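In: got a sequence here, can you model it:
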Amino acid sequence: MPPESRSRAVVLGHIHSHFAAVSRYRRRVTIISALADTVLAQIGNPTPETPPAADKLMKLVRYFTWFVLLSGVLGITYAGGRFAWEKWTGGGLASPKMVAGAMIGGVIATSAGTIMNAAIG
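Out: Alright, predicted model coming up:
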């Protein structure tokens, strides 16, 4: 056999073994895919349900929301009353900082509530 035909036979042998390996791989993938489809077909579509303690957690979140809103209103009311008292008695005006702080806190609390409502859905 001439050297050219031997090298051609070796190359063809490698190509044939490569295609045989690919064919075996495809058969395995097809078998695994069919098996997975068969197993998944037996499971069915589960119905969604709430987690066990979801109602208690949501109740706690609602209480916390009311607490934040109430504390914000009380903070602004207290700062406003203190501002009026300082104005009436002629003392130093430290309460505008309290009013500004209460308003900034209210904006942050409202933003957090809006973000959480959007995240929860």
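In: from here on, just use CA atoms for contacts and neighbour counts.
Out: Noted.
In: for N117, see how far away P51 is.
Out: To N117, P51 is 18 Å away according to Cα to Cα, to the nearest Å.
In: with I31 instead?
Out: Counting by Cα to Cα, the gap from I31 to N117 is 46 Å.
In: tally of neighbours for I120?
Out: 6 (other Cα atoms under 10 Å).
In: separation between it and G75?
Out: From I120 to G75 the distance is 28 Å (Cα to Cα).
In: ditto for I108
Out: 14 Å.
In: more neighbours, these two?
Out: G75 (19 against 12).
In: do you know the pLDDT at that one?
Out: pLDDT for G75: 82.
In: that one against A102, yeah?
Out: Yes - using Cα atoms under 8 Å, G75 is in contact with A102, at 5.9 Å.
In: how many residues are close by L74?
Out: 13.
In: for the strand or helix carrying it, packing partners?
Out: Secondary structure assignment for L74, by DSSP states H and E: helix 54-89. On a contact count with 3 or more Cα pairs under 8 Å, 6 or more residues apart in numbering; DSSP states H and E, helix 54-89 meets helix 95-120.
In: buried ones in the helix it packs on, by neighbour count?
Out: Neighbour-count burial for helix 95-120, counted by 16 or more other Cα atoms under 10 Å, picks out 95, 98-99, 101-103, 105-106, 109.
In: which one of those residues is nearest W66?
Out: Closest approach to W66 among those (Cα to Cα): A109, at 10.9 Å.
In: so where's the chain uncertain?
Out: 1-29, 35, 39-42, 121 (pLDDT under 70).
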